[in-house]
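>>> My questions are about this predicted structure, shown below with the sequence.
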Amino acid sequence: MTVEANTDSSADDTNDERIVPLRLQKFLSRAGIASRRGSENLMTAGRVTVNGEMVRELGTKIDPLVDIVCVDGKPVSLRDGNIYVMLHKPAGYLTTMNDPQGRPTVASLVPVEQYPGLFPVGRLDCDTTGLLLFCTDGELAQRLLHPKYHVSKRYEAMVDGRLFEQEADILRKGITLDDGPCNPAEIIVESSGFVSRVTCIISEGRKRQVKRMFSAIGHPVLSLHRASFGVLSLGDLPVGEWRELTDNEVNALRAVVEFEKES
């Protein structure tokens, strides 16, 4: 059996780029199953087997060309390369790949049969439209969502009531919500009246953050659209349609989060 354990993380990272041997959690991440942390959770939960034997020990190494890895009894294999897909999400779809209640999900809008293992990077609320990134690259996804890298997201919002500049300044300085202070946001008031049109750029990804920010200053969001995510923009991609990212776009995403492509 080729499985072996190694608890010396510093020694392991030195040879991290090698295909053989490969840490099991990194193998699962490369295969698009989950991020490394998520893969570790799968292992400790007893959901991963190698050659028919349950493996819980973090640091276990495998030979992807020889060992048979399964998650929940389903075989897992490395892909020739990761897949990156941009979706122009319409309203009315949950950002999940499966809903027990049978409600519409974004999984029905992207090529999950063609590219098994696709998962959304972050989420948009059911009524929020715009750019939603999917990929099979757990490591890159984890970095894109990590607050350390300050990946920007640009939203176009319609908010209730006339939004005055002094109110917008509260968000520009960084408002404090019930889960703590927010980083300063870039706020551009495009028009202001009974309903105000606003561009909001944030570098965090808290749950319902933009909606909570505007509600906190007395201007509930009426509609919300994400126009860009990091270096990615929707361009002329029609609502409900998807496309694969170009190599240049993927490389630009990696550069933003200081993530070099491994050989």
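That came through fine.

>>> Which positions in stretch 206-222 come out as buried?
For stretch 206-222, a neighbour-count test (16 or more other Cβ atoms under 10 Å) marks 209, 210, 211, 212, 213, 214, 216, 217, 219, 221 as buried. Backbone N, C-alpha and C define where each C-beta goes, glycine included.

>>> Off-centre distance for it?
Distance, stretch centre to chain centre, for stretch 206-222: 21 Å (Cα atoms, centre = their mean, to the nearest Å).

>>> Quick check, central residue of the chain?
residue 121 (1.8 Å; Cα atoms, centre = their mean).

>>> Pull the contacting residues for that residue.
Remark: with contacts taken as Cβ atoms under 8 Å, 6 or more residues apart in numbering, residue 121 is in contact with 132, 133, 134, 135, 141, 144, 145, 229.

>>> how close does it sit to residue 203?
According to Cβ to Cβ, to the nearest Å, residue 121 stands 15 Å off from residue 203.

>>> ditto for residue 175
Residue 175 is 14 Å from residue 203, by Cβ to Cβ.

>>> same thing with residue 241?
For residue 241 relative to residue 203 (Cβ to Cβ), the value is 27 Å.

>>> of those two, who's got more company?
With neighbours defined as other Cβ atoms under 10 Å, residue 241 and residue 203 compare such that residue 203 has more, 16 against 13.

>>> wait, isn't that one in contact with residue 152?
Yes - here residue 203 lies in contact with residue 152, judged by Cβ atoms under 8 Å, at a distance of 5.2 Å.

>>> Now do stretch 121-130: distance to the chain's middle.
Per Cα atoms, centre = their mean, the centroid offset for stretch 121-130 relative to its chain is 11 Å.

>>> what's the average pLDDT for that stretch?
Averaged over stretch 121-130, pLDDT sits at 96.

>>> for stretch 71-80, same thing?
Averaging pLDDT along stretch 71-80 yields 80.

>>> Other residues contacting it?
27-28, 30-33, 42, 47-49, 64, 68-70, 117, 136.

>>> which among these end up buried?
27-28, 30-33, 42, 48-49, 64, 69, 117, 136.

>>> which stretches of the stretch 101-250 of the chain form helices?
138-145, 165-173, 209-216, 247-256 (DSSP state H, counting those that start in this stretch).

>>> Residue 94 is nearest to which of these?
helix 209-216 (16.2 Å; Cβ to Cβ).

>>> Output the contacting helices and strands for that closest one.
Packing contacts for helix 209-216, counted by 3 or more Cβ pairs under 8 Å, 6 or more residues apart in numbering; DSSP states H and E, involve strand 153-160, strand 176-177, strand 195-202, strand 221-229.

>>> Could you tell me the angle between it and strand 221-229?
Orientation check (axes from the mean of the first three to the mean of the last three Cα atoms, to 10 degrees): helix 209-216 against strand 221-229 gives 140 degrees.

>>> avg pLDDT for helix 209-216?
Here the average pLDDT along helix 209-216 is 97.

>>> what's the answer for stretch 239-251, then?
In the prediction, stretch 239-251 has an average pLDDT of 94.

>>> mind checking the end-to-end distance for it?
25 Å (Cα to Cα, to the nearest Å).

>>> in it, what counts as buried?
242, 245, 249, 250.

>>> The second one: what's it in contact with?
Right, residue 245. 84, 85, 86, 232, 253.

>>> Next, give phi and psi for it.
Note on residue 245: its backbone torsions stand at phi -70, psi 150 [degrees, to the nearest 10].

>>> any idea how far it is from residue 252?
From residue 245 to residue 252 the distance is 9 Å (Cβ to Cβ).

>>> Ok, residue 109 next?
Distance from residue 109 to residue 252, by Cβ to Cβ: 24 Å.

>>> higher neighbour count, these two?
residue 109 (19 against 14).
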